[in-house]
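**Student:** Sequence unavailable; structure follows:
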């Protein structure tokens with residue numbers, strides 16, 4: 001007569017089902033965690049940062065003066081559909097320009113609203129090019145091929161430029 005007591009050695013099917021269940025739980029946990037990650041922070045290359053405060057933004061710009069690094073400040077808003085759809089393309093542009101520093105400023109955050117007003121940012125996404133501590137160019141861009149080309153051209157131009165005070169892009 002067979003015993004009704006649980007065996008100390010589980011059946012191989014039970015082991016397989018338990019492993020499948022554990023993998024499914026882990027997959028769901030990872031998906032939930034990725035949904036919580038903000039869209040503007042996804043897959044950011046190493047030369048792209050989210051500005052945490054006005055002080056950090058300005059100190060990062062100051063730190064970029066000596067090595068003459070081009071800083072592209074990207075003003076965006078969380079609810080901006082264009083900003084969200086533009087993000088993967090912006091990541092690609094940043095990857096292709098590793099010597100350029102991209103700083104993202106979230107206009108949805110109340111701490112940045114005075115800066116948006118001070119910098120006359122009236123639409124997003126809005127780009128400011130800063131070289132040697134000076135704003136040398138401002139523009140908006142989107143997924144329109146002409147706007148994308150202009151953004152790429154301006155990044156290339158100001159990244160190569162030694163003295164932006166005397167710069168005149170040939171666009």
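**Tutor:** Nice, thanks for sending it over. None of the values given here were measured: they were computed from a predicted structure.

**Student:** hey, let's count contacts and neighbours off CA atoms from now on
**Tutor:** Will do.

**Student:** Could you list the low-pLDDT ranges of this structure?
**Tutor:** Filtered on pLDDT under 70, the chain yields the residue ranges 1-7, 30-36, 162-171.

**Student:** By residue count, which helix of it is the longest?
**Tutor:** Using DSSP state H, we find that the single longest helix of the chain is helix 12-36.

**Student:** And the strands in this protein, which stretches?
**Tutor:** Per DSSP state E, the chain carries strands over the ranges 48-50, 71-76, 101-106, 126-131, 134-140.

**Student:** any idea which of the ones you listed is most buried?
**Tutor:** Highest mean neighbour count among those (mean count of other CA atoms under 10 Å): strand 71-76, with a mean of 25.

**Student:** What residues of stretch 42-61 count as buried?
**Tutor:** 44-45, 47-51, 57, 61 (16 or more other CA atoms under 10 Å).

**Student:** what's the first-to-last distance across it?
**Tutor:** End-to-end span of stretch 42-61 (CA to CA, to the nearest Å): 23 Å.

**Student:** do the same with stretch 114-127
**Tutor:** End residues of stretch 114-127 are separated by 17 Å (CA to CA).

**Student:** Touching it from outside, list them.
**Tutor:** Defining contact as CA atoms under 8 Å, 6 or more residues apart in numbering, one finds that stretch 114-127 is touched by 72-77, 80, 82-83, 107, 138-142.

**Student:** Closest one of those to residue 101?
**Tutor:** residue 72 (6.2 Å; CA to CA).

**Student:** What distance do you get for that closest one to residue 15?
**Tutor:** From residue 72 to residue 15 the distance is 54 Å (CA to CA).

**Student:** What of residue 110?
**Tutor:** 52 Å.

**Student:** Neighbour count: the two, which is higher?
**Tutor:** Comparing residue 110 with residue 15 by other CA atoms under 10 Å, the one with more neighbours is residue 15, at 12 against 9.

**Student:** Throw the strands of the chain into CSV and include distance to residue 150, thanks.
**Tutor:** Formatted as CSV, these follow (distance: least, CA to CA, whole Å):
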stretch, distance to residue 150
strand 48-50, 20
strand 71-76, 14
strand 101-106, 17
strand 126-131, 12
strand 134-140, 9
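
**Student:** out of those, which comes closest to residue 91?
**Tutor:** Short answer: strand 48-50, nearest of the strands of the chain by CA to CA, at 8.0 Å.

**Student:** Contacts for that closest one, please.
**Tutor:** Under CA under 8 Å, 6+ apart, the answer for strand 48-50 is 41, 91, 94, 101-105.

**Student:** Neighbouring strands of that strand in the sheet, and parallel or not?
**Tutor:** strand 101-106 (parallel) (DSSP bridges).
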